[in-house]
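Novice: I would like to see how this sequence folds:
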Amino acid sequence: MLTGILIAAAIVGGTGLFIGVFLGVSGKKFAVEVDEREEAILGVLPGNNCGGCGYAGCSGLASAIVKGEAEVGGCPVGGAPVAAEIGKIMGQDAGAQARQVAFVKCGGTCEKAQEEYNYYGIQDCVMANMMQDKGPKGCDYGCLGYGSCVKACPFDAIHVVDGVAVVDKEKCKACKKCIAACPKNLIELVPYEQKTFVQCNSNDKGKALMDVCLVGCIGCKLCEKNCEAGAITVTNFLAHIDASKCTNCGVCAEKCPRKIIMPREIPVS
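Specialist: Alright, predicted model coming up:
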């Protein structure tokens, strides 16, 4: 009986040894070589794996940069400092990296925007947008205020204040998670230094808009006519500001009869 146990042990041990040697040899033969630069870049990236760069996490971006498929400044979270470090690793000039932040194009707070009915469903903008008239808000283009963007933000940079989502630009990393989460397409990236914004996204004509919102843009073109820099154009009853031309002089905000063009600095509670 002892002999049988020894034989069995020898067989098991021999099999284990063979498998170990086989795996070791196979691992070396079929190993995928990793560029040292890729590992160095991965060490520089913030590691949030937010996907804001358009790749599957930081490792995906690092690989794409090494392959020349992505810019050295491709990480929106790391910004200019990280771009500069990656530029050194890749032997490239990172160039000027202008910081961007998210902005919600709606000023229709609880007091200013009319609601057509009471919504008692799941507190989620995507779900509410599937309801009658694309949600309870009278304006089909306005923020629903149920916080889908808040849940999507990994940096606690966006909150619902008085029925409308508001971005804290100091916390925002421009990862675009909130943009993807908003069913109304209300959120866009703007330059961090920009101070003048149109807080509206409606394309309804003047009368139709005024029936449901006290502050929405009616496309009167007073802002466009008074902008000396030519930074404002009105298309489909909605004013748009070209940040590359805007001097933040504030004239458009003064001329706007609806007071929907205003500074970005809104307190976040």
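Novice: Helix or strand next in line after the lowest-mean-pLDDT helix or strand in the chain, which one?
Specialist: Least confident helix or strand, the chain: helix 2-29 with a mean of 63, by mean pLDDT, DSSP states H and E. Moving toward the C-terminus from helix 2-29, the next helix or strand (DSSP states H and E) is helix 36-44.
Novice: Can you name the residues in contact with the helix or strand following that following helix?
Specialist: Tracing the chain C-terminally past helix 36-44 and defining elements by DSSP H and E, one meets helix 57-66 next. Judged by C-beta atoms under 8 Å, 6 or more residues apart in numbering, the contacts made with helix 57-66 from elsewhere in the structure are 35, 37-39, 41-42, 45-49, 51, 53, 55, 70-72, 74-75, 86, 90. C-beta: built from backbone N, CA, C; applies to glycine.
Novice: repeat that for 6 Å
Specialist: If you take C-beta atoms under 6 Å, 6 or more residues apart in numbering as the criterion, helix 57-66 is touched by 35, 37-38, 41-42, 45, 47, 49, 53, 55, 70, 74.
Novice: same deal with stretch 90-104?
Specialist: Residues lying outside stretch 90-104 but in contact with it, judged by C-beta under 6 Å, 6+ apart, are 72-73, 79-80, 83-84, 87, 165, 167, 169, 172, 174, 178, 186-192, 197.
Novice: contacting residues around residue 43?
Specialist: Contacts for residue 43 were tallied using C-beta under 6 Å, 6+ apart; there are none.
Novice: Could you report the separation of it from residue 175?
Specialist: Applying C-beta to C-beta, to the nearest Å, one obtains 20 Å for the distance of residue 43 from residue 175.
Novice: Just checking: the least confident one among the contacts of helix 57-66 is which?
Specialist: For those, the least confident position by pLDDT is residue 35, scoring 77.
Novice: Give the burial count for the closest residue to that residue other than its chain neighbours, as a bare number.
Specialist: In space, residue 35 comes closest to residue 66 once its chain neighbours are excluded; the distance is 5.0 Å by C-beta to C-beta, 6 or more residues apart in numbering. Residue 66 is surrounded by 21 other residues when neighbours are defined as other C-beta atoms under 10 Å.
Novice: What of residue 11?
Specialist: Neighbour count of residue 11, defined by other C-beta under 10 Å: 10.
Novice: and if you look at the one 4 residues further on?
Specialist: By other C-beta under 10 Å, the residues close to residue 15 number 10.
Novice: ditto for residue 97
Specialist: Residues lying near residue 97 (other C-beta under 10 Å) number 19.
Novice: in what helix or strand does it lie?
Specialist: Secondary-structure assignment from DSSP H and E places residue 97 in no helical or strand segment.
Novice: if we can go back for a sec, of the contacts of helix 57-66, keep whichever come out buried.
Specialist: 38, 41-42, 45, 49, 53, 55, 70, 74 (16 or more other C-beta atoms under 10 Å).
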